[in-house]
Structures are given as C-alpha cells and as structure tokens.
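In: Return a 3D structure for these sequence lines:
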Amino acid sequence: MTTPHKIFFILFFILSLSGCTQLDIPSQDLDVSPDQPEPIAVSQGIMVPQTLEPAPRIKVEQKPEITGSFMEPAQPVAQVPSLQSTTNLQTQFDGSPPSTSPSPSRTEHVFGEFPGVSSQWEERKRQLTIQLQEQSVKINELKVKLQLINQVAELVNFITKATVNEQNDFLMAFTIENRAPFAIKDISITCDQIAPTGAVIKSHTETIYDLIKSSTRSTYTPIPYGNKHRQTQTLQCQITNFTVEKASTDIS
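Out: From the prediction side, this is the model:
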C-alpha cells in the first residue's frame, strides 16, 4: 500500500468513528446500485461503512456508595426452638413428677443450744503455766548463784605464794580465809602467767578438794602449776569455781 493510500485509509477510519456516513468522493468512482440501501465505494477497493442506527440505551441503576469497611451481608440467623426446662424433660422421659421445693409450712425441731467450749485454751494455759514455773525455778537458781558469787568475791580472801623448782615448774601455796556465812568446798583456783605486754601466756587450773567452814582460815602446801615460761613477768590467780556446803551444784 502506497503512502497516499495509507493517509486516505487513516482519514477514512477517523471519519467513520466520528459518525460520517459518506465521503466526498467523485461520483464517477462510485458504483451505486438502486437495490442497495447504502452506497458502497468500489474505487480503489475501499468499502464505505453502512450507516448504523444508534443502539437503544439501557438505564443502569446506580448503587449507593458504601462507606466504611467492606462487610459481607449478614446471614439470616436460624431461630433455634426454645428448649424445655429440665423439669419438663424429666417428666416427658421418665414420667416422674417434677421436684418441688420444701413446703414453707414444714415444721423444724430445735435440737438445742450449746455454749462454746474453751478446752483448747485451757490446755494451752496449762502448758504456759508449766513453762513459766520452770523458768521461775531457773531464775531463782541464777539469783542464788549471783548472790553467792558476790559474797565469795567480797568475803573469801586468799594469798598465793609462788616458787620455781629446779625443773622450772611453778609451785603455788595458798592461804584461804572464809568470812562468808556459809562453808565452801571444792575450790578451783586458776593462775595465769602474764607477759610484760599484759598478754596471757599460759593458764593453769587446780582444784582444792577440801571444806572451808565459815569464819576459818586454811593453808595448803605448794601445788604444781606447770612450767614457767621464759617471758613470764607476773602471776594472776583467782577463784573460778566453788561449791556451797549442802548445795547440790556449784556456782558454774
């Protein structure tokens, strides 16, 4: 197809779209038959489109715009038949009559009124009373011991005479004076060897198993008290334990 033909075809296509029914073509180039309702162009092998009536318009109903989120149409909810009460169902199945609440006219027999008991607290009170008595006995014993110690510290005096033998051992001689109103026995005396700095180098304890009556004085021969340390400067001796006559225990 030559260039003029292409241009003509394009124009023809544009005119056909715009609704033209015929072209300005010379009459000698068209062969129109009286039986044909529309002219047909035979020149150059191009056919003119027939005039078509406009198709009837169908009115389309516009649907209202949906705002918000898209939701599926709700399905119709099937109505569930109401269930009969348990009492009616029981009556239908086993034929037993429905249960009824007790009649308000039913009489009640009073069994009696009973006061609260305190047996639990009585037992607890008894246990606490026993514990209190035991603690009281211990407290009294401690008070007696404290009183005895105070009396011995004030009324029992003793003097220590220390010597050293050839083996470099200490020998202690004691003189004990008892001015307390009671007799004492089994007296334990502890002697410490003290260094020049005041530190305790050695400590030795011996017990005099004797009875010293009230308002008496007793002297005891030298008793070995261990080896003397080369740095011992002085001695410190004291009564650390004793027993009162007619007493079952000592003061320790």
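In: going forward, measure contacts between C-alpha atoms and count neighbours the same way
Out: Noted.
In: what's the weakest-modelled helix or strand in the chain?
Out: helix 86-94 (a mean of 48; mean pLDDT, DSSP states H and E).
In: Give me the next element, helix or strand, following that helix.
Out: helix 119-155 (DSSP states H and E).
In: which strands and helices sit next to the helix or strand encompassing residue 9?
Out: Assigned by DSSP H and E, residue 9 belongs to helix 3-17. Applying 3 or more Cα pairs under 8 Å, 6 or more residues apart in numbering; DSSP states H and E, we find helix 3-17 packed against no helix or strand.
In: Outline the domain layout of this protein.
Out: Domain assignment for the chain by automatic domain parsing gives 3-45, 150-244.
In: so of the ones you listed, which one's packed in deepest?
Out: domain 150-244 (a mean of 15; mean count of other Cα atoms under 10 Å).
In: any idea of the mean pLDDT in the helix holding residue 9?
Out: Helix 3-17 comes out with an average pLDDT of 75.
In: In CSV, could you pull the C-alpha coordinates for it?
Out: The C-alpha coordinates for helix 3-17 follow below in CSV (Å, rounded to 0.1, in the frame of the first residue of the first chain):
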residue,chain,number,x,y,z
THR,A,3,1.6,6.4,1.2
PRO,A,4,-1.4,8.2,-0.3
HIS,A,5,-3.5,5.1,0.3
LYS,A,6,-2.3,4.9,3.9
ILE,A,7,-3.3,8.5,4.5
PHE,A,8,-6.7,8.0,2.9
PHE,A,9,-7.3,4.9,5.0
ILE,A,10,-6.4,6.8,8.2
LEU,A,11,-8.8,9.7,7.3
PHE,A,12,-11.5,7.2,6.4
PHE,A,13,-11.1,5.5,9.8
ILE,A,14,-11.3,8.7,11.6
LEU,A,15,-14.4,9.9,9.8
SER,A,16,-16.1,6.5,10.3
LEU,A,17,-15.5,6.9,14.1
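In: re the thing from before, what's the closest of the domains of the chain to residue 112?
Out: domain 150-244 (65.3 Å; Cα to Cα).
In: how about the residue nearest to residue 231 when sequence neighbours are not counted, phi and psi?
Out: Nearest non-adjacent residue to residue 231, counting by Cα to Cα, 6 or more residues apart in numbering: residue 195, 5.9 Å away. Dihedral pair for residue 195: phi -80, psi 170, per degrees, to the nearest 10.
In: With residue 176 instead?
Out: phi -110, psi 130.
In: how close does it sit to residue 145?
Out: 20 Å (Cα to Cα, to the nearest Å).
In: So for stretch 163-176, mean pLDDT?
Out: Per-residue scores along stretch 163-176 average to 93.
In: Could you do stretch 134-153 as well?
Out: 90.
In: pretty sure residue 180 belongs to a helix, no?
Out: No. Under the criterion used here (DSSP: H, G, I helix; E, B strand; the rest coil), residue 180 is coil, not part of a helix.
In: check contacts around it.
Out: 151-152, 155-156, 214-215 (Cα atoms under 8 Å, 6 or more residues apart in numbering).
In: closest to residue 232 among those residues?
Out: Nearest to residue 232 among the contacts of residue 180, with distances taken as Cα to Cα, is residue 156, at 27.1 Å.
In: Quick check: bridge partners of the closest one?
Out: Under DSSP bridges, the beta-bridge partners of residue 156 are residue 178.
In: doesn't residue 182 make contact with it?
Out: No. The pair residue 156 and residue 182 fails to qualify as a contact (Cα atoms under 8 Å) at a distance of 10.7 Å.
In: Can you list the low-confidence ranges for the stretch 151-252 of the chain?
Out: 247-252 (pLDDT under 70).
In: Which stretches in it count as strands?
Out: Along the stretch 151-252 of the chain, counting by DSSP state E, counting those that start in this stretch, strands occupy 156-164, 169-178, 184-194, 200-212, 216-227, 234-244.
In: how about the CA coordinates for the shortest one, as PDB?
Out: The C-alpha trace of strand 156-164 is given here as PDB (Å, rounded to 0.1, in the frame of the first residue of the first chain):
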ATOM      1  CA  VAL A 156      36.700 -15.000 150.800                       C
ATOM      2  CA  ASN A 157      40.300 -13.900 150.500                       C
ATOM      3  CA  PHE A 158      43.400 -16.000 149.600                       C
ATOM      4  CA  ILE A 159      47.100 -15.300 149.300                       C
ATOM      5  CA  THR A 160      49.300 -17.100 146.700                       C
ATOM      6  CA  LYS A 161      53.000 -17.800 147.400                       C
ATOM      7  CA  ALA A 162      54.700 -19.000 144.200                       C
ATOM      8  CA  THR A 163      58.100 -20.700 143.900                       C
ATOM      9  CA  VAL A 164      60.000 -22.200 141.000                       C
END
